[in-house]
Each structure stands twice: as structure tokens, then as C-alpha cells.
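# Got a predicted structure plus its sequence, pasted below:
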Amino acid sequence: MLDQKLKWIFNTFSGSVFNTVISTFCIVLLFFLINNLLGFISNSEWAVVTENRRLLLIGRMPQEEEWRAWSILWISSFLIFSSLKSFVSPSKKELAFISLIVMILCLIFTTESSIFKVSITLLISAFSYFLTKYISNTPIIHKFNKFLIILWIFLVPLIFCLLLIADGPKPTLWGGFLLNIILASVAIGIGFPLGLLFALGRASSLPAIKIACTVYIETIRGAPLVAWLLLAWFVLPKFLPEFWGLNDISVVVRAMIILSAFTSAYTAEVIRGGLQSIPKGQIEAADSLNLNVITKTSIIILPQAIRVVIPALISTFIGVFKDTSLVFILALTDLLQVGRIIPEQDPEFFGKALEALCVVAFMFWIVSIALSNLSSRVEKSMGIGTR
Amino acid sequence: MNLFIDKLSKWSRSQRNRNLIYQIIFLVFIGFFVNYLIAKASLLELTLNHFNSRAGFGISHTFLIDYSSNNDRWSAYFTGVINTIRVCLVAIVLATLIGTLMGVARLSKNILFSTIAFLYVEILRNTPLLIQIIFWQIIFLKLPRISEALTLGSTVVISNRGILLPSARAAESNSSNIFLYIILLAIILAFGISYYLNKKEDINGMKLKLFNIGLNGNLTGTLIFFIISVFTYYILQKPYIIDLPSLYQNSKGTFLQSGGFEFSPEFGAILFSLVIYTGTFITEIVRGSIQSLPKGQTEAALSLGLSNYQTMTNIILPQALRSIIPPLTNQFLNLTKNSSLAVVIAYPELFMVSRTIMNNSGRALPVFFLILFTYLSLSLFISVFMNLINRRVTRIGT
């Protein structure tokens, strides 16, 4: 037994000269990386993060408006953890990983004053997870799932209600991680349906519509996002109509408009790939059943097309979420900007840029890795490529 | 009147005519929208005349163009374009290399190797590029100050003002241009000869012989290139000399550096982050393409007695290349557009220079169209080039 294991180790790590060289190189590299990482974590002072938690998470939102952020957090943690059990049902390994990340987040962002609210959040998460687990074998689960889906769809309007009701703070005061989440969800919420329309338009047989959609998509994709954001900064207000005070909209709304337009163009390209992958027989069959265009598109073409491209769509959405960090062009203080500005402007934290940047990167990484795991899971469960 | 409605309803019953009506309605709406946009745009200044006036700002990185703040805005813009092309070209080559290496590594049987590739992809693909750019800039600025600069002999100088590498400099004679042309000719000649010899070997099944020595195509080409270049180098009396970087103190005690090829912190940061970030996507593309090949290909190659390395380079990668190139083109386009993020660390590429011009002139729209046009042409150039390669790759073996 031991002999076999030794043989296996020998074969995988040093079967040939080339392999031995690679293994040695990898060991040296890993040792170097881990050594540097541990040294960095133990030697650095994290005061730059722990004393600026509020700024990092919600920006300059006033203290008395904090309850809006908390209620958004509670609703989303309920949604996330019930959907986690209901739609994803993670294995024990994944659950351990999720709890580890939640623990790290709590360690970074809990203060003495907020410890009560943080424990409420944790309770809500655990409660929603176990509630869903409890009812998962009862017939209520189908209704519950429908409820969850509806809640997901209305999440973005709900967030806006919470931020705006009862004289909410001005949008220019939104900031930190909250701003990234808001921008990304608006961009996806508006950009995805628009992108669907543009993709259908580009695949249309009517030349006028086809050309118009193609021009739109290719123009938006032609220039980088920062250039479009700069355009929003300089000239977008001059192009908006003057009634309702539309021509002096806040910078946040301008960022939302540009991000949605950008998302729609990229989503349209992804969905177009799905539309092209549908066998021609499907469309011919729908035509021979004498379905009209709208029925044909909505119940035959789109469900099949979107199903194929869900992984690609999710990776586009990850890209959009990562791209919300580019709003620095519009002088908005999103998470990354806060993380950059604090070590530059507060003399107490001079030279602590790397620590702040690491926490910022970690926050972005969590959301992206969660989405990308979701995408690979969807890919597996649908068996794309194996069917 | 009745007759007219009757005729109209009959006419509109055909699918073709109805499509025509839909399109006309759509075009009318688009026409109104475009008309509105044009009416608004005509209130702004739309010409690029102001590009002929003095730029008035300095650019820290100039390459090929001799730029100073007294030049006009066009030359500032072209300096920016050249900086963009420079960083993109190097980044595209390096990202392809690192992506291919890591893509092969992810499928390696060596667990250490595949783990490193896995961590590389999962960590670096999921953090925004902007954070990585700033990260590399911080790392470069943490290098020792110039008064305590690290030197490797007298060949490399490393400090937080950049890394100086030895380079070649044209000597004080007129023969340096002639030398460049001869080198170019030698490269063409070497490629031609190796192509000819390889073709002969393919057709005859044996190497072409000169004095009973079989000529290997690649080896002969390389040898010819070296012989020609070394000979001309000495015949033209050393047209290029090696330029070593040096570090010295002036009379006031300030450290200065001179000579060599300067690898500035900004250029390094944008290059590293673009290479590493795009490399993760290329890794996934390469892995996907290799996995999509039938397993029998590897097994057949191994059973013919080819080594793992030979199997990879001669059997697997050439076949995988067919499905790699279209998504790879997409990544190259993304890389080119992402290079505009260098604005955050003040590397003066196209976008940053254009933004400065926008701020100085106050005429944003025409400058924006210029940016759009430039990026579109760069994208078009990359697409056409990659399509040529794609056509060549898909033709082999079919």
C-alpha cells in the first residue's frame, strides 16, 4: 500500500527530467508566494480598514440613514441563503467554504456598535437556510420557490424604494460597496432585457431593424467603457431633453445609463450566439404550426437560446460587476476609490495602500467567485455539451 | 374610398408588404431620434480644427515620435496612439504565451503544476483589472529609492523610478540604417531558405545534401542569419554599440540615471496587469479547446511512442489551435480596449492623452469620436490579422 503511494508520488512529481524541473520550480514558487503572503498578513496593520469600515461599505451616507443599508443587507441575505438551499443545495465542502468567507467578512467589518445588527444578519441567514431545508420536502416548497423568484425579480426596485423612501440621502452620497452593488444590479436589470431585444433585432430578417441594431451594438463595443463614461461626464446632459430637469441628472444616474447601454450591447452579443445555435428545424416546426412571430420567439426560440448561453451570460454579468469599479472617471466614490483615497489623504494611514487594496480586492473577489461557481454549477446541471 | 380600403387591406395581407410597413414605421422613429441627436449636436462644436494648435502639456513616455509640449495636439495624439500600440503588442504576445502555458498546466498530471494554474485563474480572473493595475504600481513603487538602487553588475539598475536594461544605441556613423536593412534582408533570406529546405524534405522524404551533410531547414536558416549579421556588423565597423545604464551623482548630490532602455513603473504596471489578467481568460480558452479534442488523439500519439512534450506540441496544440483562435481574437480586442485603464496610473496612452485634450479644449464630442474611430481601427486591424491566421490554420490538414 505504502509502496504504491510512493510510486504514485514518484510518477506524478518526477517521472521524467522535465517533470522534476517543473515540480521543483512549482515548489519554490509556492514557497515564495506563501512566505510573502503570510509575512504580509502578519506584518501589516489593518487599522486602515477597521477604522474606515463605514466608508468602505456605504460611503458618505449619514449615520441616521444607515438603517436603509442594513435592511437591504437583511433582505438580500434572506434571499441569498434561501435560494442557496432551494436552488443550489451546496455540498458540505461548499458550505464550509461559504461559512469561512462569512466569518472572514464578519471579522473585518464588525464593530462594537454594530455587533447587534451583525448578529441579526447572521441569524437571518441561518434561519432562512434552515427554514428552506425544513420545508424542502413539503409541498409548500414550490410556492416558496415561486415567491423567491418573484422577490429576485423585484429586488432592484425594492432596493431603490428602501434607498429613496422618507427623504432618502441624495444619490451623490451613495458610495462604497453599496454603490457597486446598486450600479451592477441596475446595469444588469435594465441591460439584460434591452440586450434581449437588440439580439432579436440583430437576428431579425427585416434589414432596417437588423442594420440599426448591428450599428448600435458595434458602436458601443467599439470604444472602451471608460471612454463612454467620460462622454457621460462631458456631453450626456447636453443631449437630454430639457423638461423635468432631465438635463441636470446626477452623476450616479448618468453612470447607470452608460453601464446599462454597455451591458445591453455585450449581452446582445452573447444571446446572439445562443440564437445561432438553435437548429433550423425548430423554427421550421414552429412555422408549420402557424405560430405567430411573438409566440414563436417567446416560447420556442428564446427559452432554448438563453438556456445554452446562461454560463456565458453569468460571466458577462461578472464582467459588468467588475467594471463598476471604473466609475472613478465620474468622480464617484465606489469601493475601490474609497480604498485608494483613504491612504492618500488621511495622514494617519499613509503608506497603507496595499492593505486597503487587498481588502477591496477580496470584496470584489467574493462576489465574482460566487457568481462563477454558480455558472459552472448551472453548466453541469444542464449538461451542456454532454447531451 | 371603400375601394381604396379594400385594396389596402388586400395589399397588407401579404407578409412581404406588412414587413415593409413595419420597417417604414421603425425607420420613421429612428429618423426622429437621429434628427433630435443631430439638432442637439449642432449646438456643439464638431470640428477637429483645434488639433492644429499648441498642445501645451508634456508626455512622460515618448517612443519613435520626438514630442514636446510645444508641438500641436495631433502629435500628442499620435504619441498616445504609439504608446497604446506598444503596450498592447507586447502584452498580446506575452499574454498568449502565459495563457498557453497555464492552459496546458491546468490539464497536467503533475498536481502541483495544475494547482498553481488553478489558483492563478480563480484568483486573478475574479478581481477587477483596475485593482491589479494599482496593485502592480504599488509594488513597483515599493522598490528601493534611487539612492539605494539595486544594481546587477553595471548592466541592470532597479529602483522605484523604473528598471534600466542594457540596450543598443546607434553609433556616430551613417551605416546604422544600412545595417538595419541588411538585417531585414537576412531575416527574409533565412526564412526563404528554411522554407525551401523543409519543403524539399517533405517532398523527397530526405534532407537535401551539401557535401554529404544533410541540411536541416530551420538550423540552416538560423546559421545563415547569424553569419550574415555578424559579418556585416564587423564590415560596417560596429554600427551599433551596447548602451549600458549608469547611475551617478551630480554636484548637488542628487542621483541621476542615464542610458539604457528604461522600463518605467507605469509601463511595467500596465503591462504586467494586462498580461496576467488577459492570460487567465486565454488559459480557460486553451483548456476548453484541448478538452474538446477526442481523447483518442492523445492515446494514439502516446502509443506511437511520442513523448508527452511531443504529443502536446505536434498533435494536440495544432489541432486545438483551430478552436482557440476565434475566442482568442476576442480577448485581444478586450486587451486593447482595457489598455485605456492605464489612465489611472498616468501612463500616457491614447485615452489619457485624449482626455487631457478634452479637458484643455472643452470640445469633448469630436475628441470622443476620434477615440472611437481609433479603437475601432485598432480592433479592425487585429481582427483582419487574426482572420488571416485563422484561415491558414483551418486550411492545414483539410
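Great, that's in hand.
# Would you confirm that A:Phe213 contacts A:Ile271?
Actually, residue A:213 is Cys rather than Phe. No - under the criterion of Cβ atoms under 8 Å, A:Cys213 makes no contact with A:Ile271, lying 11.7 Å away. Where C-beta positions appear, they are placed from N, C-alpha and C, glycine not excepted.
# State the mean pLDDT of stretch A:280-289.
Stretch A:280-289 comes out with an average pLDDT of 86.
# list the buried ones in that stretch?
Within stretch A:280-289, the residues that qualify as buried by neighbour count (16 or more other Cβ atoms under 10 Å in any protein chain shown) are A:Ala286.
# Equivalent analysis for stretch B:180-191, please.
Of the residues in stretch B:180-191, those buried (16+ other Cβ under 10 Å) are B:182, B:186, B:190.
# Then stretch B:95-105?
Buried residues in stretch B:95-105, counted by 16+ other Cβ under 10 Å: B:95-96, B:98-105.
# How is the chain partitioned into domains?
Picked chain A for this. Per automatic domain parsing, the structural domains of chain A span A:61-167, A:170-387.
# wrong one, chain B
According to automatic domain parsing, the domains of chain B span B:2-41, B:73-166+B:244-395, B:175-241.
# thinking again about what came up before, comparing A:Cys213 and A:Ile271, which residue is more hemmed in?
For A:Cys213 versus A:Ile271, neighbours defined as other Cβ atoms under 10 Å in any protein chain shown are more numerous around A:Ile271 (27 against 21).
# So the more buried one sits against A:Val308, correct?
No - with contact defined as Cβ under 8 Å, A:Ile271 does not count as touching A:Val308 (9.6 Å).
# does stretch B:13-23 come close to chain A?
Yes - counting by Cβ under 8 Å from any Cβ of the partner chain, chain A is contacted by stretch B:13-23 at B:19, B:22-23.
# How about residues contacting that stretch?
Contacts made with stretch B:13-23 from outside it, assessed by Cβ atoms under 8 Å, 6 or more residues apart in numbering or on different chains, are listed as A:205-209, B:11-12.
# where do the helices sit along the stretch 1-150 of chain B?
Listed in chain order, the helices of the stretch 1-150 of chain B (DSSP state H, counting those that start in this stretch) span B:2-11, B:15-41, B:73-106, B:111-124, B:129-141.
# Taking their axis directions, the second one and helix B:2-11 sit at what angle?
In this case it means helix B:15-41. Counting by axes from the mean of the first three to the mean of the last three Cα atoms, to 10 degrees, helix B:15-41 points 90 degrees away from the direction of helix B:2-11.
# got the buried residues for helix B:15-41?
Along helix B:15-41, the positions that meet the burial threshold by neighbour count (16+ other Cβ under 10 Å) are B:19, B:23.
# Figure out how far that helix is from the centre of its chain.
On the basis of Cα atoms, centre = their mean, to the nearest Å, helix B:15-41 is displaced by 40 Å from the centre of the chain it belongs to.
# cool, and the shortest one?
Taking the mean C-alpha point of helix B:2-11 and that of its whole chain, the gap between them comes to 62 Å (Cα atoms, centre = their mean).
# Kindly report the same for stretch A:290-297.
Here the centre of mass of C-alpha atoms in stretch A:290-297, compared against the chain's by Cα atoms, centre = their mean, lies 34 Å away.
# which other residues reach it?
Taking contacts as Cβ under 8 Å, 6+ apart, the residues outside stretch A:290-297 that touch it are A:200, A:283, A:286-287, A:299-300.
# what about that stretch, start to end distance?
End-to-end span of stretch A:290-297 (Cα to Cα, to the nearest Å): 13 Å.
# before we move on, back to that, so which of the buried residues of stretch B:95-105 would you say is closest to chain A?
Sorting the buried residues of stretch B:95-105 by how near they are to chain A, with Cβ to the nearest Cβ, puts B:Ala105 at the top with 8.5 Å.
# Need the nearest residue in space to that closest one, chain neighbours excluded.
When the adjacent residues along the chain are set aside, B:Ala105 lies closest to B:Ala117, with 3.9 Å between them (Cβ to Cβ, 6 or more residues apart in numbering or on different chains).
# contacting residues around the one you found?
Contact analysis of B:Ala117 by Cβ under 8 Å, 6+ apart lists B:102-103, B:105-106, B:108, B:283.
# Repeat the analysis, applying 10 Å as the threshold.
With contacts defined as Cβ atoms under 10 Å, 6 or more residues apart in numbering or on different chains, B:Ala117 is in contact with A:26, B:101-108, B:280, B:283, B:287.
# do the same with A:Val156
A:182, A:185-186, A:188-190.
# pLDDT score for A:Gly383?
Note for A:Gly383: predicted pLDDT of 60.
# Convert the C-alpha atoms of the lowest-mean-pLDDT helix or strand in chain A to CSV, please.
Scoring the helices and strands of chain A by mean pLDDT, DSSP states H and E places helix A:2-14 at the bottom, with a mean of 73. This file holds the C-alpha atoms of helix A:2-14, laid out as CSV (Å, rounded to 0.1, in the frame of the first residue of the first chain):
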residue,chain,number,x,y,z
LEU,A,2,2.7,2.4,1.1
ASP,A,3,4.8,1.2,-1.8
GLN,A,4,2.0,2.1,-4.2
LYS,A,5,1.6,5.5,-2.8
LEU,A,6,5.3,6.2,-3.0
LYS,A,7,5.3,5.0,-6.6
TRP,A,8,2.3,7.3,-7.4
ILE,A,9,4.1,10.3,-5.8
PHE,A,10,7.3,9.5,-7.7
ASN,A,11,5.3,9.2,-11.0
THR,A,12,3.3,12.4,-10.6
PHE,A,13,6.1,14.6,-9.4
SER,A,14,9.3,13.3,-11.0
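# same for it, what does it pack against?
Using 3 or more Cβ pairs under 10 Å, 6 or more residues apart in numbering or on different chains; DSSP states H and E as the contact definition, the elements that helix A:2-14 packs against are helix A:17-43, helix B:111-124.
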